[in-house]
Structure formats: structure tokens, C-alpha cells
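**Q** just to be clear, the model below is a prediction. Sequence and coordinates:
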Amino acid sequence: MKLLTSDMKMADVIHSNYLLMPVINRFGIHLGFGEKTVRTVCREHRIDTDFFLTIINAFSNEHYFPEKKFQTFNVLMIVDYLQRTHTYYITNQIPLIERLLTNLLRTSDVDTKKLRLIKKFFLDYKRELFTHLEREEKTTFPYVRKVYRLFYTPHPSSREKRALSKYSMHVYEEEHNDVEEKLYDLKNLLIKYVRDDSTGDSFQEVIFELFRLEKDILDHTRIENTILLPLVSKMEDALFYPAEHSKRTAGVKALGGIEVNLPLKNELRIGTTDLAQHRLTLPISKAGTRQFEGLTSRELEVLQHVASGFLNKQIADKLSISLHTVISHRKNITRKLQIKTVAGLTVYALLNGLISSNNLS
Ligand SMILES: [Fe+2]
Ligand SMILES: [Fe+2]
């Protein structure tokens, strides 16, 4: 794996991977850097070259994510980068995709009814994403900055510590949901189930931008989960539980090189859907013998119920099977359809006529 280095020309960095342009831009670096090297451009913009390189290399190489190195960077610098990334999503990428979808709806070569449903799914996703970003910007990031400040205060008072007690990185960890899953579903639904008879590129353009956003968000979330979270948790430990912290970190640099065991994510995240108004308006019928993506008739029945808003326990009762069996069916459905969210399954069921929707206009 060849990494980008500080003595490379900045222009060559973009030649190596043009998708880095928006990443570089969020550091406040704009095009037009002539023959200048990465080191020179970073110095001119007062950017830590090492941090810049670590970010762009991690973005460019799927297998490059040096956690320990990342954890040696200043927390404020990491938060600043994350915040700029939010701004990019809010002001550029999400409006761009929305615009493309709107334009696509104006050209009638694509299945308009299905596309409207997809756009609704996207708008629900946008709301969810913006809520997520707002929560981080209003609560998490200010909290991180306060913890950082207090961590470097020589003798923080109990009052100062108490002022931080309303929130913690543990709370963040608990509520930090996967914002990329719905995006994955959206992309997948578009690719598989919306027919495009147009000769233009608009349809592919939407899918391309969804891929780009998904990749960016995956990177972003990885930094939050594997860098920010453990780093700030360590600071909290040192501030609020100094005795335990010193035992655990004896001989280890306070904020670097610390092994952190994060809990495994749930294999299948089951949430609620904002598309609830599209719930089943007719009784669920027997799945029959119709084949969908290799689903068994029982899996199809479970899918219809999930897409209609029933919870696992309710499905178990309705189909007279155990809760364990329902969960097992759901895992199979997710694996076979490659759709991870309830909202995605609802749209899938609507697109394929597995449930009806009187609300579709
Ligand atoms: Fe974020
Ligand atoms: Fe996040």
C-alpha cells in the first residue's frame, strides 16, 4: 500500500484520487496550489501535516487506519475536522443528492411512482442524519471541548467536574447510531428496483453521489467510534476516576497507545421507520409460492409483517413461532436482500407490491 507523503505535490495527491478533493477542501485548502508540496500547503494553512496525511491516507486506503497514531493527535483538531465534515454534508452533499433526485423526477424516463417513494425515503434519511449531526454539534462536541479543557487544567475543582456530569462518552456510545445503514439501503433499492429507461446520466449520478456520501460517512463514523470515543473516555477516566485510571495506564502514555475494547455492534439493528404512514392497509395474505430474492415463504411473511410496522414479539405471536425464530428469519432476510433497516424493508415491500400503500401519490 503506497501512502501519500508530505513531499508530494498537492496536485498529485488529487491526481492520485480525485475523491479527495472535498476532504482536502474541508481543511480550508482550495484548488490552485500550483507546484507546492503537501508540507508547504499545510504550513501555509497552519494545518498539522501529519494529521492531514493520516486523514487523506485513511480516506484513500480502505486498509489504512492507524488507530494508535490517530489517538496521538489533539482531540480539538479531530473534533474540528469532524465538524467541518458535518458542514460539508449539510451544505453540499445532501442538498446535491436532493437536487439530483428532484431533477430526476422531472424527467419522466424513470419510474416516477417508485422514484417518489425513494425520494421520500431519502428525505426521511436526511431528517434523521441532520438530527444526528445536530446532537453531536450541540451536545457531544461542546462536551468534548470542555473535557479537554478540564483535562489540561492543573487542579480542576469538584464544581467544574460536576458541571460535566450531565453527559458522558458512555451516553454518546449508547446513542451513536449507524447513519450509513439507511444510505446503503437507499442505494441498493435504487440499483435493484427502480427502472431507468433514460439515455442520460442523471440516474447514475444519483447513485454515484450516494456511494460517495456513504463512503465519506463510513470514514467519519469510524473516526468518531474508534478515535474520538476512546480518546475522550480516557480523559474522563483520568478526570473522574483518577485512581482506577492510574492503575490501568501505569507505564502507558496518558492519551496514546491505549488499547480500548469497544463492544461489538449489534449484527442487526432494528429500529422504527419514518415511513410508518405507508403501512399495510390490507390484511397480510399468505405469501404463496411467489419467489422474491430466494426468500422462503415464511421469510416473506415475516418481511411483510416487519415492513408493516410489527415488532418481533408481535410477529412471533401472529405467526405462532418463537421470538428466536423471528430474529433468525430477519437475519436471513437482511442477508438475502442486503437491506439492513426497517425503513429500507418497507420501501422494498412497497416497490415490489408485497404490501399495499394507499398513501403513495
Ligand atoms: Fe459526526
Ligand atoms: Fe456520528
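**A** Noted; the coordinates are in hand. Ligands and ions are numbered 1, 2, ... in the order given.
**Q** what's in contact with stretch 75-91?
**A** Stretch 75-91 has contacts (C-beta atoms under 8 Å, 6 or more residues apart in numbering) with 22, 25-27, 48, 51, 55, 70, 129-130, 133, 136-137, 141, 144-145, 148, 213, 216-217, 220, 223-224, 227-228, 231-232, 235. All C-beta atoms are positioned from the backbone trio N, CA, C, and that covers glycine.
**Q** how about it: buried residues?
**A** Neighbour counts over stretch 75-91 (16 or more other C-beta atoms under 10 Å) mark 75, 78-82, 85-86, 88-90 as buried.
**Q** just those residues: which are in helices?
**A** In this view, the buried residues of stretch 75-91 that belong to helices under DSSP state H are 75, 78-82, 85-86, 88.
**Q** show me where pLDDT drops low in the stretch 201-350 of the chain?
**A** Across the stretch 201-350 of the chain, residues meeting the criterion (pLDDT under 70) sit at 243-291.
**Q** who are the neighbours in contact with the residue sitting furthest away from the middle of the chain?
**A** Ranked by distance from the centre of the chain (C-alpha atoms, centre = their mean), the top residue is His155, with 37.8 Å. Listed by C-beta under 8 Å, 6+ apart, the contact set of His155 is empty.
**Q** now it, what are its backbone angles?
**A** phi -130, psi 80 (degrees, to the nearest 10).
**Q** could you dump the ones in helices among the buried residues of stretch 75-91 to TSV with distance to Val326 and pLDDT?
**A** Shown next, in TSV, are those (distance: C-beta to C-beta, whole Å; pLDDT from 0 to 100):
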residue	distance to Val326	pLDDT
Val75	43	95
Ile78	41	96
Val79	41	97
Asp80	45	96
Tyr81	42	96
Leu82	37	97
Thr85	38	97
His86	37	97
Tyr88	40	96
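**Q** could those go into a markdown table alongside distance to Val179?
**A** Listed next are these as a markdown table, based on distance: C-beta to C-beta, whole Å:
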| residue | distance to Val179 |
| --- | --- |
| Val75 | 22 |
| Ile78 | 18 |
| Val79 | 18 |
| Asp80 | 20 |
| Tyr81 | 17 |
| Leu82 | 13 |
| Thr85 | 12 |
| His86 | 11 |
| Tyr88 | 14 |
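**Q** could you report the distance from the residue farthest from the centre of the chain to Leu239?
**A** 11 Å (C-beta to C-beta, to the nearest Å).
**Q** between the buried residues of stretch 75-91, which is closest to Ser328?
**A** Tyr89 (35.7 Å; C-beta to C-beta).
**Q** wait, isn't Leu210 in contact with Glu180?
**A** No: if you go by C-beta atoms under 8 Å, Leu210 and Glu180 don't touch, sitting 10.5 Å apart.
**Q** looking at these two, which one has more neighbours?
**A** The residue with more neighbours, out of Leu210 and Glu180, is Leu210; 22 against 19, by other C-beta atoms under 10 Å.
**Q** per the record, what domains does this protein have?
**A** 10-64, 70-248, 276-351 (automatic domain parsing).
**Q** dump those domains into CSV; add distance to Leu3 as well.
**A** CSV is the format used below for these (distance: least, C-beta to C-beta, whole Å):
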stretch, distance to Leu3
domain 10-64, 5
domain 70-248, 14
domain 276-351, 32
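**Q** those: which one's closest to Met1?
**A** Nearest to Met1 among those is domain 10-64 (5.5 Å), distances taken as C-beta to C-beta.
**Q** what about the closest one, how long is it end to end?
**A** By C-alpha to C-alpha, to the nearest Å, the extent of domain 10-64 from end to end equals 20 Å.
**Q** that one: how far from the chain's middle?
**A** 23 Å (C-alpha atoms, centre = their mean, to the nearest Å).
**Q** now do stretch 310-319
**A** The chain centroid and the centroid of stretch 310-319 are separated by 29 Å under C-alpha atoms, centre = their mean.
**Q** show me the contact partners of that stretch.
**A** Applying C-beta under 8 Å, 6+ apart, the contact partners of stretch 310-319 are 270, 298, 301-302, 305-306, 322-323, 325-327, 330.
**Q** out of those, which are inside helices?
**A** Among the contacts of stretch 310-319, the ones falling in helices (DSSP H) are 298, 301-302, 305-306, 323, 325-327, 330.
**Q** tabulate these (JSON lines), appending neighbour count and distance to Tyr64.
**A** As requested, these are exported to JSON lines (neighbours: other C-beta atoms under 10 Å; distance: C-beta to C-beta, whole Å):
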{"residue": "Arg298", "neighbour count": "15", "distance to Tyr64": "43"}
{"residue": "Glu301", "neighbour count": "22", "distance to Tyr64": "44"}
{"residue": "Val302", "neighbour count": "29", "distance to Tyr64": "40"}
{"residue": "His305", "neighbour count": "23", "distance to Tyr64": "43"}
{"residue": "Val306", "neighbour count": "23", "distance to Tyr64": "38"}
{"residue": "Leu323", "neighbour count": "13", "distance to Tyr64": "41"}
{"residue": "Thr325", "neighbour count": "16", "distance to Tyr64": "42"}
{"residue": "Val326", "neighbour count": "24", "distance to Tyr64": "40"}
{"residue": "Ile327", "neighbour count": "17", "distance to Tyr64": "36"}
{"residue": "Arg330", "neighbour count": "20", "distance to Tyr64": "34"}
